[in-house]
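Enquirer: Just need the structure, nothing else, for what follows:
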Amino acid sequence: RMLAGRLQAGAACRLARVAALVAARHGHARGLAGSRVALLAARVDREKIFMEARVAALATAAAASGSVRVSVGGAPAREYQASTPVRAILDDFTPKHQALAARVGPSPVLLDLQQPVTADCALTPVTWQSDVAAAQEIFWHSSAHVLGAALEKTYPDVMLADGPALEEGGFFYEGQFPQRLAEDALPALQAAMHAVAEGRHPFERLAVTPEIARALFADNPIKLQFIDKAVASGASLTVYRCGPFVDFCKGPHVAHTGLVKAIRLLRVNSLQASSSPTGRLDMQRVHGVAFPTTKELSQWTAAMELAQKRDHRAIGRQQQLFMLHAAAPGAPFFLPHGVRILRRLQDFLRSEYSTLGFSEVVTPIVYSNALWKQSGHYEHYRDDMFFLKDDVTEAEGAGHDGCCGGPEPEGRGLKPMNCPAHCLIFASQQRSHHDLPVRLADFSALHRNEVSGALSGLTRVRQFHQDDAHIFCSEEQIAAEVNMCLGLVDRVYKAFNFSYNLCLSTRPAKFVGDVATWDAAEKCLENSLNALGRPWTLNPGDGAFYGPKIDIIVTDALRRRHQTATLQLDFQLPRRFQLQYTGADGKAHTPVIIHRAVLGSLERMLAVLTEHYGGRWPFWLSPRQAVVCSITSDQADYARSTADRLRQAGYYVDVDSEATPLNSKIRKHQVAQYNFIIVVGEKEQAAGLVHVRPRDDAARAVAKDGMTVEALLAAWVNATANKL
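Expert: The predicted structure follows:
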């Protein structure tokens, strides 16, 4: 206790002392040797502060009294002294457990092996066999810390920012560097990571006060910003040390750096952040991947080589689906064949909408900031939005007094979401309980201000379209509507041959509304998931700021996971917009909003599907369903008339009447991935028939020598209906 008191009393002194270093650092003294020496001294002091605080924490833990009852893996509970580490408890139950961490009860709360158990609970070991997703995240997050240590050793003047594990695999660490990094810097960094790993430095966890956290990172305004946000949200503060590297982090981590054996750094890229606590806009991000063994790294490398062959950017160029241009960064241009796929996706959903009672609307792109403030987006989401300098003059706005209320003095922003617009539509007329549920669907363009370094093909863009929908319903209708939406997700994903997992994301640190309402919303979604009879997982703290959500994670043909669909329950937004309907009791009631997307971003889904199919599109979704080839120029007119008949039935059919050998034509169109190559020669023209060559074995039943166009169309109708 005395040591803890001395630490807190000395925090202000350390802050003042290191503040001088920060001022020197950002006073254009980066290149001076004295500045570097001062910064190195500050980092040594950081490690010293950590060690002093850890000694105090260990003394407090040793003085803990009482006992806890803990069970592991469903075995009967055993009694332990309070603050017994997780590792000791797992060792007692299963000496050869090979766990990276432990899960508390049915929740997704994970504990380090070194973390003390302070309350009765049930623990489940997290191993590579039992929970590969959690094990990978822990391992890659720990690998990011190894990279952070290597970066600080290699570039003593670096100001590190964040180093997470990535959902798609691997990790990165980003920060502000004294010079521009290039790809040729990666081998030296990788060697530095190996040196850190070989040191077998234990990952040491420490819960700290805000004062100690700020003293630890007083030379890093970026970390201070993270700490301030955590303090404002009421989150507990923890830091981790591995060797000389100390980082602000919630964990958990593996036992020691020596477990990170097989390392590969992949690339470095620059980011242009919208704002920076240091006043600088440039950030650089180093990406990597690591595994416990070289065999696993080799397997991952082979899988990535296969994925590279299916890269949607390469296939998109080859098949002329879309293009990107520096004139519009983050906003893809869709070419005719790409639009064909998008239209098929939209038509597929529209056919479902017609039977489920959704009404499609089209809403504006730009809104006044007053709307974003009312919805809460301005407060919670504005860093990810595009805003316009409002140039509406009083004269221009005067003509709208009767319909819009005149000019908007507060500026305007491009919409990142459709929900506020749909609230305005709901509020535009009086509603009765007889009208509910009101289901509005929207494919309008959305805009989100992604940093430039994060942009990637169609998977990370600034302009996109979403199969967005909002359901306005009563509380009694929630369960039925959620079940209806989950049924829609199941039908759509079966059409793509996707497997998927369900995940319930709960209240985040920054949220609107009261805790009781959030608890009720989360319980409602939990009940719906339980009623499905499918397994699901919990993801605490990852809900939207306005409500909990069900995220759907799909697994593609390469066994990669993608978060696409979402189902979000919202009790907050209807209150912000004062939405009401008249209930059966004649009184005013507030509806509940269900935010729903099945495909999510159509751009991202097109990327996922391109790589899922490897460019070999199924017939019902294909942008090149058939090509009619004439054997000689004498059959050119018959080829064109045949193609016209097929096009009139709604299929994408091209014609090849060039005077080239038939084998050359067939090979060219096979490479282009046409589902059917239809050949017409003198015999077919005379009989009014066609010869059909299918691309896939699944379509062989369609192909027959001497088919009529009517028979071919009947087979195509069946293939389309069955999503073949």
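
Enquirer: helix/strand/coil for the closest residue in space to Leu160 that isn't next to it in sequence?
Expert: Nearest non-adjacent residue to Leu160, counting by C-beta to C-beta, 6 or more residues apart in numbering: Gly175, 4.0 Å away. Any C-beta I mention is one placed from the backbone N, CA and C, and that applies to glycine too. Under DSSP: H, G, I helix; E, B strand; the rest coil, Gly175 falls in the strand class.

Enquirer: Can you tell me the centre-most residue of this structure?
Expert: In the chain, the C-alpha nearest the mean C-alpha coordinate belongs to Gln563, at 5.7 Å (C-alpha atoms, centre = their mean).

Enquirer: how near is Gly583 to Asp514?
Expert: Here Gly583 is placed at a distance of 22 Å from Asp514 (C-beta to C-beta, to the nearest Å).

Enquirer: Repeat that for Asp228.
Expert: Taking C-beta to C-beta, one finds Asp228 at 24 Å from Asp514.

Enquirer: So which of these two has more stuff around it?
Expert: Just comparing Asp228 and Asp514: by other C-beta atoms under 10 Å the higher neighbour count belongs to Asp228, 14 against 11.

Enquirer: Sketch out the low-pLDDT regions of this structure for me.
Expert: 1-44, 62-64, 106-108, 272-281, 390-409, 697-705 (pLDDT under 70).

Enquirer: at 50 instead, please
Expert: By pLDDT under 50, the low-scoring segments of the chain are 1-41, 44, 274-281, 392-402.

Enquirer: In the helix or strand that contains Val196, which residues are buried?
Expert: Following DSSP states H and E, the helix or strand that holds Val196 is helix 186-198. Using 16 or more other C-beta atoms under 10 Å as the test for burial, helix 186-198 gives Leu186, Leu189, Gln190, Ala192, Met193, His194, Val196, Ala197.

Enquirer: next structured bit after that helix?
Expert: strand 204-208.

Enquirer: how about the helix or strand that comes right after that following strand as PDB, C-alpha atoms only?
Expert: Tracing the chain C-terminally past strand 204-208 and defining elements by DSSP H and E, one meets helix 210-216 next. Output of helix 210-216 as PDB, limited to C-alpha atoms (Å, rounded to 0.1, in the frame of the first residue of the first chain):
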ATOM      1  CA  PRO A 210      -5.500   6.300 -14.700                       C
ATOM      2  CA  GLU A 211      -2.600   8.200 -13.100                       C
ATOM      3  CA  ILE A 212      -0.100   5.400 -13.500                       C
ATOM      4  CA  ALA A 213      -1.300   4.700 -17.000                       C
ATOM      5  CA  ARG A 214      -0.700   8.300 -18.000                       C
ATOM      6  CA  ALA A 215       2.700   8.300 -16.400                       C
ATOM      7  CA  LEU A 216       3.600   5.100 -18.300                       C
END
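
Enquirer: quick one, helices of the stretch 401-550 of the chain?
Expert: 419-427, 478-495, 515-532 (DSSP state H, counting those that start in this stretch).

Enquirer: I'd like to know which of the ones you listed lies nearest to His253.
Expert: Nearest to His253, of all the helices of the stretch 401-550 of the chain, is helix 515-532, at 28.2 Å by C-beta to C-beta.

Enquirer: got the angle between the closest one and helix 478-495?
Expert: 50 degrees (axes from the mean of the first three to the mean of the last three C-alpha atoms, to 10 degrees).

Enquirer: can you offset everything so residue one is 56?
Expert: Renumbered: residue one is now 56, and that last one reads helix 570-587.

Enquirer: helices or strands next to helix 570-587 in the packing?
Expert: helix 533-550, strand 554-560, strand 604-610, strand 616-625 (3 or more C-beta pairs under 8 Å, 6 or more residues apart in numbering; DSSP states H and E).

Enquirer: closest one to Arg700 among the ones you listed?
Expert: helix 533-550 (27.1 Å).
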